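Trainee: Turn this into a structure:
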Amino acid sequence: MTTTPTAPPRSALRAWLMEGMVDRSGSHLGPHGVPAQEHPRHRWWRVMCLTGVDYFSTLGYQPGIAALAAGLLSPLATIVLVLLTLCGALPVYRRVAEDSPHGEGSIAMLEKLLSFWKGKLFVLVLLGFAATDFMITMTLSAADATAHVVENPHVPSFLHDQQMLITLGLLALLGGVFLRGFNEAIGIAVVLVAVYLALNAVVVGVGLWHVVEHPTLVTDWRTALVQEHGNPFVMVGIALLVFPKLALGLSGFETGVAVMPQIQGDAGDTEERPAGRIRGAKRLLTTAALIMSVFLITSSIVTTLLIPEQDFEPGGPANGRALAYLAHEYLGNVFGTVYDVSTIAILWFAGASAMAGLLNLIPRYLPRYGMAPDWSRAVRPLVLVLTATAFFITWYFDASVDAQGGAYATGVLVLMTSAAVAVTIAARRKGQRRQYLGFAVIAAVFVYTTADNIVERPDGVKIGACFIAAIIGVSLWSRVRRAFELRATAVTFDPTAERFLRDCARRQIRLIAHDPEVSDREAYIAKVRQVVADNDLPDEGDIIFVEVVVTDPSDFETTLSVRGIVRHQSYRVLTLESSAVPNSVAAVLLAVRDRTGVNPHIYFEWTEGNPVAQFLRFLFFGEGEVAPVTREVLRRAEPRRRRRPHVHVG
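Mentor: So this is what the prediction gives:
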C-alpha cells in the first residue's frame with residue numbers, strides 16, 4: 001500500500017513528453033508511478049531490420065577500411081573476421097540472448113557477479129562503453145552519410161563545405177522519428193534494409209561477374225601477394241595481426257540483444273522464461289550474421305580486385321565509399337546516385353538501432369539504481385537528451401568519420417569482450433565444461449582484439465573514459481538528489497502483520513524502531529521502558545516494534561514485504577528487508593495509515609555521532625541518523641501535514 005498525493009496539474013507539453021512513461025522493471029516508483037505499458041512487439045525479421053540498419057550499414061565503409069588496413073590481404077583478413085563472427089561472436093550472443101532475454105545483454109549477466117556498490121560501479125563502467133558504442137554509432141553513421149552526400153557528383157557544389165550542418169540535420173531528423181513513435185522506426189528500418197541489401201547484391205554481383213570475365217585480375221592480385229608477402233604462412237600471419245582493425249564489421253551484435261524486448265514471442269511465454277522471444281532473437285542473430293558474412297567476403301574481393309589502391313587513401317574517390325565507387329564506375333551515375341541515396345538513408349538511420357538500444361538500457365538500470373531522474377523512464381525526454389548529446393559529439397569531432405572510428409571500435413570490442421567473459425563464467429558455473437572451454441578461447445581472442453585496438457588507437461579509451469566519467473558523475477548526483485524519495489515500489493503485509501495493525505487501530509498505533517541485531521528479551525524490555533520514559537507515554541500498551549534488515553544498500557527500488565512475528569511470547573514485531581532503513585520505515589508508515597485509516601506514531605532515539613558522517617552512512621549504507629531522514633521522506637511524500645504520520649524522537 002502506498003499513498004497517492006494529489007498530483008499538480010500538468011502542462012500540455014509536459015503531458016506529451018511524459019506520455020507512455022513506463023517502469024521497465026514491471027513495477028512503479030513510490031506513489032507517483034504508473035503501471036508498465038508495453039510497446040507493440042514485432043516479428044523477429046522486422047526487428048532484425050532495426051538492428052540491421054547498424055550492422056548492414058557498415059558495408060558503406062567497411063570494405064574501404066579493410067583495404068586501408070590490410071591492402072592486398074583484405075579478402076584474407078575479412079575471412080578471419082567472418083570466422084570470428086560465425087564461430088565467436090554469434091555463439092556468444094546466442095548464449096547472451098538465452099541467459100538475458102529482457103534486453104539488458106551481457107551487462108545484466110556481469111551485474112550478478114559483483115554485489116553492493118562494486119557491482120553498481122562495474123555496471124556504470126560498462127554502460128559508459130555501451131554509451132560510447134551506441135552514441136558514436138549515431139554520430140559516425142550520420143557523418144558517413146554526409147560524406148556520401150558531398151561526394152556525389154550530382155550534389156550542388158554549395159553543399160560540399162557543409163558537412164557539419166548536414167550531419168546535425170540528419171541527427172535531428174533521426175531524433176524526430178523517435179519522438180514520433182517506435183513503430184515508425186521499425187517500419188522505416190524494414191524498407192531501408194530491404195532496398196539497401198538488394199542494391200548491394202546488384203553491385204557485388206556485377207563486380208564478381210567483371211572479375212570472372214577478366215581472370216587476369218585474379219592472376220595479377222595473386223602475383224602481387226607473392227611478391228609483397230612471400231609465402232602463404234606469412235600472409236595468414238599478417239591477416240591475423242591486422243584483422244582487429246576490421247572490428248567495425250562486428251558492430252551489430254550488442255544492439256541485436258538490446259532490442260530483444262521488441263521481438264514477438266509465443267502465447268505461452270512468461271516473463272521469467274520467454275522461450276518464443278529467445279528463439280526469435282537467435283534467428284535474428286544467426287540470419288544477420290550469415291547475410292553480413294556473405295557481403296563482407298564478396299565486397300572485399302570485388303573492391304580489392306577492381307579498385308586501385310591509391311583510390312582508398314584519404315581524399316581518394318573510394319575512401320569510405322568503396323561500393324559506391326563501384327556502383328558509379330560499372331553501373332553508371334544514375335544507378336550510382338540511387339545507390340548513394342540508399343546508402344545515405346541507411347547510414348542516417350543506422351543510429352536508430354543505437355537509439356533503440358539506449359532507450360532500452362538506460363531505463364532498465366539508472367532509474368532502478370536511483371541514478372537518473374524518474375523522467376528518464378519516458379521515451380521522449382530521453383530522446384531529446386540523447387539527440388543533444390549527439391549534437392555535441394558531432395561538433396567536438398567536426399563531423400569527421402576517421403576521428404570517431406577509434407572510439408567506435410573500442411566501444412564495440414569492450415562490450416563483445418564483456419559478453420564473451422560473461423558467457424564463459426555462466427558456462428563454468430553450470431558445469432558445462434565443453435562450452436566453458438570454447439567460450440574461454442573466444443574470450444581470449446576478443447581480449448587480444450580489444451587490446452590491439454586500444455594500443456593502435458588509444459583515443460577510443462580516452463573518449464570512453466569521458467562517457468564513463470559523465471555517467472558516474474550524473475548518476476551519483478542523481479542518487480544524492482533522490483535520496484529522500486520513498487523508494488518502495490509496493491508494501492505488502494502478511495496476515496499476522498495485518499492482525500497486529502487491526503488490533504491496535506481500535507485505539508492508537510504506536511511503532512518503535514528497533515535494531516534487528518539486538519533481539520534478546522532484555523533488549524525489548526529496556527527499549528519499551530526507554531521510549532515510555534523519553535516520550536512521557538501513559539502506558540506500554542499498543543506498541544509494535546519495527547525492524548528493518550538492510551540487505552544491499554546500493555539498491556534503490558525495493559518491494560517491501562512486511563512480516564508479523566511474536567518474540568519472546570510478548571512482543572509484536574513487524575520485520576522487513578530493505579536497502580535503506582528510513583525510506584522503508586516511511587513507506588510502511590504511509591501504508592499503515594492508508595490500510596487502517598489511523599495515522600500512526602513512530603518513536604526513535606537519537607543516534608550518537610557526527611551528523612555529516614551519519615548522512616554519509618545513510619547514502620552509502622542505508623542507515624545513519626534514521627529519525628530526521630524518515631521525517632524528511634514523509635514530508636516530501638505527503639505534502640498535507642495533517643495526513644502525515646507522527647515522528648517522535650527522544
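Trainee: use CA for all of it now, contacts and neighbours both
Mentor: Noted.
Trainee: Which stretches in the stretch 551-650 of the chain count as helices?
Mentor: 581-596, 611-621, 626-637 (DSSP state H, counting those that start in this stretch).
Trainee: just those: most buried one?
Mentor: With neighbours taken as mean count of other C-alpha atoms under 10 Å, the helices of the stretch 551-650 of the chain reach their highest mean count in helix 581-596, at a mean of 24.
Trainee: For it, give the mean pLDDT please.
Mentor: Taken as a whole, helix 581-596 has an average pLDDT of 90.
Trainee: Then stretch 267-281?
Mentor: 82.
Trainee: Touching it from outside, list them.
Mentor: For stretch 267-281, contacts defined as C-alpha atoms under 8 Å, 6 or more residues apart in numbering pick out 43-44, 94, 97-98, 101, 256-257, 260-261, 263-266.
Trainee: Endpoint to endpoint, it covers what distance?
Mentor: Terminal residues of stretch 267-281 are spaced 16 Å apart (C-alpha to C-alpha, to the nearest Å).
Trainee: circling back to that earlier point, could you export the helices of the stretch 551-650 of the chain to CSV, including columns for distance to Arg364?
Mentor: Listed next are these as CSV, based on distance: least, C-alpha to C-alpha, whole Å:
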stretch, distance to Arg364
helix 581-596, 22
helix 611-621, 21
helix 626-637, 24
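Trainee: which stretches of this protein form strands?
Mentor: For the chain, strands defined by DSSP state E occupy the ranges 488-493, 510-513, 543-550, 558-567, 571-578, 601-604, 646-649.
Trainee: any chance you could map the helices in the stretch 101-250 of the chain?
Mentor: Using DSSP H, counting those that start in this stretch, helices in the stretch 101-250 of the chain cover 106-111, 116-151, 163-180, 182-213, 216-229, 232-242.
Trainee: swap that for the stretch 401-550 of the chain, please
Mentor: Under DSSP H, counting those that start in this stretch, the stretch 401-550 of the chain gives helices at 401-429, 433-456, 459-481, 495-504, 521-535.
Trainee: which of those helices is buried the deepest?
Mentor: helix 401-429 (a mean of 23).
Trainee: OK, contacts around the closest residue in space to Thr387 that isn't next to it in sequence?
Mentor: Spatial nearest neighbour of Thr387, excluding adjacent residues (C-alpha to C-alpha, 6 or more residues apart in numbering): Gly175 at 5.9 Å. For Gly175, the contacting residues are 383-384, 387, by C-alpha under 8 Å, 6+ apart.
Trainee: Tell me which of the residues you listed fall in helices.
Mentor: Among the contacts of Gly175, the members found in helices (DSSP state H) are 383-384, 387.
Trainee: Are any of the residues you listed buried, and if so which?
Mentor: With burial judged by 16 or more other C-alpha atoms under 10 Å, the buried subset of those is 383-384, 387.
Trainee: which residues of this structure score low on pLDDT?
Mentor: 1-11, 16-40, 114-115, 158-159, 181-184, 243, 247-249, 372-377, 402 (pLDDT under 70).
Trainee: Check which residues of stretch 145-156 are buried.
Mentor: For stretch 145-156, by 16+ other C-alpha under 10 Å, it's 145-152.
Trainee: from the chain's centre, how far out does that stretch sit?
Mentor: 34 Å (C-alpha atoms, centre = their mean, to the nearest Å).
Trainee: Please list the residues outside it that contact it.
Mentor: 159-160, 163, 166-167, 317, 321, 337, 340-341, 343-345, 347-348.
Trainee: out of those residues, who has the most neighbours?
Mentor: Leu347 (32 neighbours; other C-alpha atoms under 10 Å).
Trainee: hang on, that residue packs against Thr137?
Mentor: No: with contact defined as C-alpha atoms under 8 Å, Leu347 does not reach Thr137; the gap is 9.4 Å.
Trainee: Find residues that contact each of those two.
Mentor: Asp54.
Trainee: As CSV, the ones in helices among the contacts of Gly175 with distance to Gly105 would be great.
Mentor: Below are these laid out as CSV (distance: C-alpha to C-alpha, whole Å):
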residue, distance to Gly105
Val383, 21
Leu384, 24
Thr387, 23
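Trainee: which one of those is nearest Thr223?
Mentor: Using C-alpha to C-alpha, Thr387 comes nearest to Thr223 of the ones in helices among the contacts of Gly175, at 49.8 Å.
Trainee: what sits against that closest one?
Mentor: 171-172, 175 are the contacts of Thr387 under C-alpha under 8 Å, 6+ apart.
Trainee: Relative to Ala354, how far out is it?
Mentor: 12 Å.
Trainee: swap in Ala469?
Mentor: Taken as C-alpha to C-alpha, the span from Ala469 to Ala354 is 20 Å.
Trainee: Nearest to Met109, out of the strands of the chain?
Mentor: Checking the strands of the chain against Met109 by C-alpha to C-alpha gives strand 558-567 as the closest, at 20.5 Å.
Trainee: Contacts for that closest one next, please.
Mentor: For strand 558-567, using C-alpha under 8 Å, 6+ apart, the contacting residues are 487-498, 500, 521, 572-579, 584.
Trainee: Give me the neighbour count for Arg279.
Mentor: Other residues lying near Arg279 total 18 when counted by other C-alpha under 10 Å.
Trainee: swap that for Pro215, sorry
Mentor: Neighbours of Pro215 (other C-alpha under 10 Å): 10.
Trainee: Gly268 now?
Mentor: Neighbours of Gly268 under the rule other C-alpha under 10 Å: 9.
Trainee: Turn the buried residues of stretch 145-156 into CSV, including distance to Asn535.
Mentor: CSV is the format used below for these (distance: C-alpha to C-alpha, whole Å):
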residue, distance to Asn535
Ala145, 72
Thr146, 73
Ala147, 76
His148, 77
Val149, 77
Val150, 79
Glu151, 81
Asn152, 83
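Trainee: tell me the contacts of the residue lying closest to Asp398 once chain neighbours are set aside?
Mentor: Spatial nearest neighbour of Asp398, chain neighbours left out: Met164 (6.6 Å); criterion: C-alpha to C-alpha, 6+ apart. Contacts for Met164 (C-alpha under 8 Å, 6+ apart) come out as 394-395, 398-399.
Trainee: where's Met164 relative to Gly60, distance?
Mentor: As defined by C-alpha to C-alpha, Met164 lies at a distance of 19 Å from Gly60.
Trainee: do Met260 as well
Mentor: 25 Å.
Trainee: what sits against Pro645?
Mentor: Contact analysis of Pro645 by C-alpha under 8 Å, 6+ apart lists 589-590, 593, 599-602, 634.
Trainee: quick one, phi psi at it?
Mentor: phi -60, psi 150 (degrees, to the nearest 10).
Trainee: Pull up the gap between it and Arg631, please.
Mentor: 9 Å.
Trainee: related to what we said a few turns ago, looking at the helices of the stretch 101-250 of the chain, which is buried most?
Mentor: helix 116-151 comes out most buried of the helices of the stretch 101-250 of the chain by mean count of other C-alpha under 10 Å, with a mean of 24.
Trainee: so that helix versus helix 611-621, what angle?
Mentor: With axes from the mean of the first three to the mean of the last three C-alpha atoms, to 10 degrees as the basis, helix 116-151 and helix 611-621 are set at 70 degrees to each other.
Trainee: Okay, angle between helix 116-151 and helix 459-481 too, please.
Mentor: Orientation of helix 116-151 against helix 459-481 (the same axes, to 10 degrees) gives an angle of 130 degrees.
Trainee: Work out the gap between helix 116-151 and the centre of the chain.
Mentor: Relative to the centre of its chain, helix 116-151 is centred 11 Å away, using C-alpha atoms, centre = their mean.
Trainee: Stretch 381-388 too?
Mentor: Offset of stretch 381-388 from its chain centre (C-alpha atoms, centre = their mean): 15 Å.
Trainee: again with stretch 219-237
Mentor: 44 Å.
Trainee: can you check stretch 363-370 too?
Mentor: Distance, centroid of stretch 363-370 to centroid of chain: 10 Å (C-alpha atoms, centre = their mean).
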